[in-house]
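>>> just need the structure, nothing else, for what follows:
(chains A, B and C)
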Amino acid sequence: MPELPEVEVTRQSFAGRIENARIHTAWLGKPLRWPLGCQPAALAGRRVLGVRRRGKYLLLDLEPGLLLIHLGMSGSLAFSDRLPERGVHDHFELITDQGSLRLHDPRRFGAVVYAPDEAAPQARKLLDRLGTEPLSDQFEPLAFWRGLKQRRSAIKQVLLSGDLVVGVGNIYACEALFHAGIRPTTRAHRLSRVRAARLHQAIREVLARAVLQGGSTLRDFSSASGDAGHFQLEAAVYGRAGQACAVCATPISLLRQGQRSTYFCHSCQRN
DNA sequence: AGGGTGACCTGTCGGC
DNA sequence: TGCCGACAGGTCACCC
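Numbering: from 1, shown residues only, chains lettered A, B, ... in the order given. Predicted coordinates:
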């Protein structure tokens, strides 16, 4: 479910409310992608100082410690002072004096990992390889283009790999490539500096717009406050195979790249 | 070392 | 109605 916009919207929806909360109880259900790395009971009594985001990870700064939360494909968080009874797909919960934070994740590709701090191996293992934050000033067109020049695989695969730029998943890779007029199969190293700059801009605009729209709700994503996203309603290509392109009316094409669906306009997007 | 593939897990949907 | 395969927002370990 969650790409950068969904993760950021989730963060914004509960960061302020959990700030300075004292953890009363931590509860762990079925195994997630990785083990927590500590006993849940060891988290009791700690404070939650705040919530940051790095790529698709949420970082809960504790006193002391750090919790890394990844939503995988089907995860979502809920934060409230009164949550309904736990369901079969609820697998982690932090009960605090300001409300409960609960992870719902049917496929369990998500994870909650404890690390003593950000420099600890448990955290570095997950964060070290991550590329640049696309909405930060660190993300520059020229550096992006230089990075692309070193990669021979299809541009969409490079975006999804997350080692050049983070947070771009299947939906927003398709959308950004459409807005930049670039065919998803184009080899990254063949993009000109001008087209790389166009893609750089498209990534920023698409992600920023999606955050404003509350993310994309395809099946059941909602923020930690329970609000659905609306960006899917303005997707130009994602999930629209066979429908007319809004720009040129050509039917949107569908192909598979690395076992993922790619949507694009054969006419608007060129090699 | 870059690049491609299978694996993880559950739910849903379309076709027969 | 029921069964079966394909597919779903991610990413890691493993091969060449």
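
>>> strands along the stretch 151-271 of chain A, start to end?
Taking DSSP state E, counting those that start in this stretch as the test, the strands found in the stretch 151-271 of chain A are A:253-257, A:260-264.

>>> and the first one, which strands flank it?
Within its sheet, and counting by DSSP bridges, strand A:253-257 is paired with strand A:260-264 (antiparallel).

>>> now look at the partner strand and say if it contacts DNA strand C.
Yes: using CB under 7 Å from any atom of the strand, we find that strand A:260-264 touches DNA strand C at A:260-261. (Each C-beta comes from the backbone N, C-alpha and C, glycine too.)

>>> then stretch A:148-166?
Yes: counting by CB under 7 Å from any atom of the strand, DNA strand C has neighbours in stretch A:148-166: A:160, A:162.

>>> can I get the CA coordinates of that stretch in PDB?
Taking Å, rounded to 0.1, in the frame of the first residue of the first chain, the C-alpha atoms of stretch A:148-166 are listed here in PDB:
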ATOM      1  CA  LEU A 148      21.000   7.700 -13.800                       C
ATOM      2  CA  LYS A 149      24.100   7.600 -16.100                       C
ATOM      3  CA  GLN A 150      25.500   4.700 -14.000                       C
ATOM      4  CA  ARG A 151      22.500   2.500 -14.400                       C
ATOM      5  CA  ARG A 152      21.800   0.400 -17.500                       C
ATOM      6  CA  SER A 153      18.400  -1.000 -16.400                       C
ATOM      7  CA  ALA A 154      15.000   0.400 -17.300                       C
ATOM      8  CA  ILE A 155      14.300   3.800 -15.700                       C
ATOM      9  CA  LYS A 156      11.200   2.500 -13.900                       C
ATOM     10  CA  GLN A 157      13.300  -0.300 -12.300                       C
ATOM     11  CA  VAL A 158      15.900   2.300 -11.200                       C
ATOM     12  CA  LEU A 159      13.200   4.500  -9.600                       C
ATOM     13  CA  LEU A 160      11.700   1.400  -7.800                       C
ATOM     14  CA  SER A 161      15.100   0.300  -6.500                       C
ATOM     15  CA  GLY A 162      15.300   3.200  -4.100                       C
ATOM     16  CA  ASP A 163      19.000   3.500  -4.100                       C
ATOM     17  CA  LEU A 164      19.000   6.700  -6.200                       C
ATOM     18  CA  VAL A 165      15.900   8.300  -4.800                       C
ATOM     19  CA  VAL A 166      13.600   6.900  -2.100                       C
END
